[in-house]
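[1] Return atomic coordinates for the entry below.
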Amino acid sequence: MPFSIVVNKNAERFYDEGEDVWPKRYAIWGRLVAAQPDQVGYVIIDAKSLNLFMPSVFPPLKADTLEELAGMMDLPADKLKATVAEFNAACGDTSGFHPTELGRVTTSGLTPPKTNWARPITEPPFYGYSLRTGVTFTYLGLKVDDTAQCSTPDGKIKNLWAAGETMAGSILGQGYLAGFGMTIGTVFGRIAGREAAVYAN
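    Here you go, the predicted model:
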């Protein structure tokens, strides 16, 4: 997202794609996309941005024109072209662009703004990815204490411990950094294993 614009099925932008680096923002995009019509979003980039991020599992759609790309993505071509033109016109000096830094290369007079990595989408070929929602953490699941032991309103469950995403809601309130789920699994997996071993003996 940071090097793109993201539009909904009406080819309208709906959030600041350059708010922060991706490990701090990719999780919130599920909620954002879920709030859009048909719960789908579309990433639009041009040739100069294609190699700035980790390769995706699935290749993007590729087209020589925005109109052609819109057709491939079932987006209204005129509206996509207008959205890109409006975005491009709002981009300013891009000399401070650096793909791993918050360089304040921003738009001006655009709603929503793009506060970092705002470069015009002008160099063909153009590329597109569709975005769908997914579940990372439910923020629900099992309640545990600091020994990873599960509990209910009636008290602790004497022979049940939990680790990882099934109990992540006990730790996470809102949002998380990349890799935090694995950290929770590692730390509480060790604690739960130790406590279960003590119980078994």
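[2] okay, CA-based contacts and neighbour counts for the rest of this
    Noted.
[3] what residue lies at the spatial centre of this structure?
    Centroid-nearest residue in the chain: Tyr26, 2.0 Å away (criterion: Cα atoms, centre = their mean).
[4] Tell me, how many residues neighbour the residue nearest to that residue when sequence neighbours are not counted?
    Sequence neighbours aside, Met1 is the residue nearest to Tyr26 in space, at 8.0 Å (criterion: Cα to Cα, 6 or more residues apart in numbering). A count of nearby residues for Met1, using other Cα atoms under 10 Å, gives 20.
[5] how close does Met1 get to Tyr199?
    With distances taken as Cα to Cα, to the nearest Å, Met1 is found 47 Å from Tyr199.
[6] Would you verify that Tyr127 is located in a strand?
    Yes. Counting by DSSP: H, G, I helix; E, B strand; the rest coil, Tyr127 falls inside a strand.
[7] Is it in contact with Ile45, as I believe?
    Yes. Counting by Cα atoms under 8 Å, Tyr127 does reach Ile45; the two are 5.3 Å apart.
[8] Tell me how far the residue nearest to the centre of the chain lies from Pro120.
    For Tyr26 relative to Pro120 (Cα to Cα), the value is 22 Å.
[9] Likewise for Lys48?
    In terms of Cα to Cα, Lys48 sits 10 Å off from Pro120.
[10] So for those two, which residue has more residues nearby?
    Neighbours were counted for Lys48 and for Pro120 using other Cα under 10 Å; Pro120 has more, 22 against 16.
[11] ok, now which ones touch that one?
    Phe87, Asn88, Ala89, Cys91 (Cα atoms under 8 Å, 6 or more residues apart in numbering).
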